[in-house]
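S.K.: After the sequence you'll find the predicted model.
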Amino acid sequence: MAAATVEQGLTRVIGIDGAEDRRPDGLDDLALLGIHRSLVALRAYDERSVVYHRQGRIGTYAIFHGHEAIQAGAVHALERRDWIFPSYRESAIGLLRGLPAATILQWWRGHPAGWWSPDEVNVASICVPVATHVPHAAGLAWGLRLKGTDAVAVALFGDGATSEGAFHEGANIAAVTKAPLVLLCNNNQWAISTPLSTQTAAATLADKALGYGMPALRVDGHDVLAVLEAVRDGVSRARAGLGPTFVEAVTYRTAPHGTADDPSLYLDPKRVATEEERDCVSLYEGYLRRLGLLDDETAAAVREEALATMREAIEAAESEPLPGPELVFEHAYADPPATLARDLDELRSAYA
């Protein structure tokens, strides 16, 4: 691996380029293996969803290959009472909170069974418009503080979100109100096809936090344990009433932005190949092997379990009957107008 592709000044736990591994405080062997299962579950979901799309069974899908460490690291830094606000790039993060894979697949299919009640798992609805969930997360976190709880919220978003007004508004109000919020930025260096260099003149995205009077941390986004430590630090500050923290997890998007994207128009294949050598799942598996916690047989068993879950989820999702057309109107009016029945009959005729 060319050293020039590994950004300097990033916090790491897993040793690279001759550096020694560290073991974060408070993580026993079972916890470390649990993180591995989370990474593999996310990877299996992403891989199968891409295939699912290519078979014409779901629409456009946002790929998160290579970003699993950011998602798993964040979730394992939280407690169950804490809240998660995902963007479309983290569509499957609810798996790590117990959401059925079939539910998330249904979301991508546009089926009403693809929605859940956020307060059942403390995972907000998947946000597609860039950065618009940041103010939502700030507001909920502020509400948690006003209620006197010590729960926190984490909002996950990409580098492109930091160029949006909604991000600035959410970050500002979180800082002013000392909302217990961690702003976790996945800096994969591309906003669709726009490189970071043409998005911002800031030296780092972490520098943007200074304008809001909040601390910032920069970590290697390939390193799940580095992400976990940084988010855990932010969570600790938030629980202590010290307000929000910005975490910039630096990685690189080696896959397309989504299944409708052609990355050959802007990605350098040599850079992609080099970055794939630091794939977050492989990097962590190497770490566990050096600790003596993982072997080929165990790794294969975890992988097969994740794939079996996905096979069952796909079958369950496709077994769900299609909704009737009346669902369009079901929750639209508290007091339906008289003309609604005629409109519904017309829709049923078209639906048939």
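M.R.: Cool, the structure landed.

S.K.: all contacts plus neighbour counts: C-alpha atoms, from now on.
M.R.: Will do.

S.K.: so what's residue 213 closest to, chain neighbours aside?
M.R.: Once flanking residues are discounted, residue 213 sits nearest to residue 175: 6.8 Å by C-alpha to C-alpha, 6 or more residues apart in numbering.

S.K.: Next up, phi/psi of residue 90, please.
M.R.: phi -110, psi 40 (degrees, to the nearest 10).

S.K.: Contacts only, for residue 10.
M.R.: Shown in contact with residue 10 (C-alpha atoms under 8 Å, 6 or more residues apart in numbering): 218-220.

S.K.: Going by distance to residue 36, which of those residues wins?
M.R.: When the contacts of residue 10 are compared for distance to residue 36 (C-alpha to C-alpha), residue 220 wins out at 17.3 Å.

S.K.: that older thread, just the ones of the contacts of residue 10 in helices?
M.R.: Judged by DSSP state H, the subset of the contacts of residue 10 located in helices is empty.

S.K.: Could you list the residues in contact with stretch 66-75?
M.R.: Contact partners of stretch 66-75, identified using C-alpha under 8 Å, 6+ apart, comprise 35, 38-39, 42-43, 90, 93, 96, 154, 186, 221-229, 231-232, 249, 251-255, 279-281.

S.K.: And the average pLDDT for that stretch is what?
M.R.: Averaging pLDDT along stretch 66-75 gives 98.

S.K.: And stretch 276-291, by the same measure?
M.R.: Confidence for stretch 276-291, expressed as mean pLDDT, is 96.

S.K.: Centre of the chain to that stretch, how far?
M.R.: Relative to its parent chain, stretch 276-291 has a centroid offset of 20 Å by C-alpha atoms, centre = their mean, to the nearest Å.

S.K.: hey, C-alpha coordinates of that stretch in PDB?
M.R.: The C-alpha trace of stretch 276-291 is given here as PDB (Å, rounded to 0.1, in the frame of the first residue of the first chain):
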ATOM      1  CA  GLU A 276      -9.700  -1.800  -1.000                       C
ATOM      2  CA  GLU A 277      -6.500  -3.200   0.600                       C
ATOM      3  CA  ARG A 278      -7.600  -1.400   3.800                       C
ATOM      4  CA  ASP A 279     -11.200  -2.700   3.600                       C
ATOM      5  CA  CYS A 280     -12.700  -2.200   7.100                       C
ATOM      6  CA  VAL A 281     -14.000  -5.800   7.500                       C
ATOM      7  CA  SER A 282     -10.700  -7.400   6.500                       C
ATOM      8  CA  LEU A 283      -8.800  -4.900   8.600                       C
ATOM      9  CA  TYR A 284     -10.800  -5.800  11.700                       C
ATOM     10  CA  GLU A 285     -10.600  -9.500  11.000                       C
ATOM     11  CA  GLY A 286      -6.800  -9.300  10.800                       C
ATOM     12  CA  TYR A 287      -6.900  -7.500  14.200                       C
ATOM     13  CA  LEU A 288      -9.000 -10.300  15.700                       C
ATOM     14  CA  ARG A 289      -6.700 -13.000  14.300                       C
ATOM     15  CA  ARG A 290      -3.700 -11.300  15.900                       C
ATOM     16  CA  LEU A 291      -5.500 -11.500  19.200                       C
END
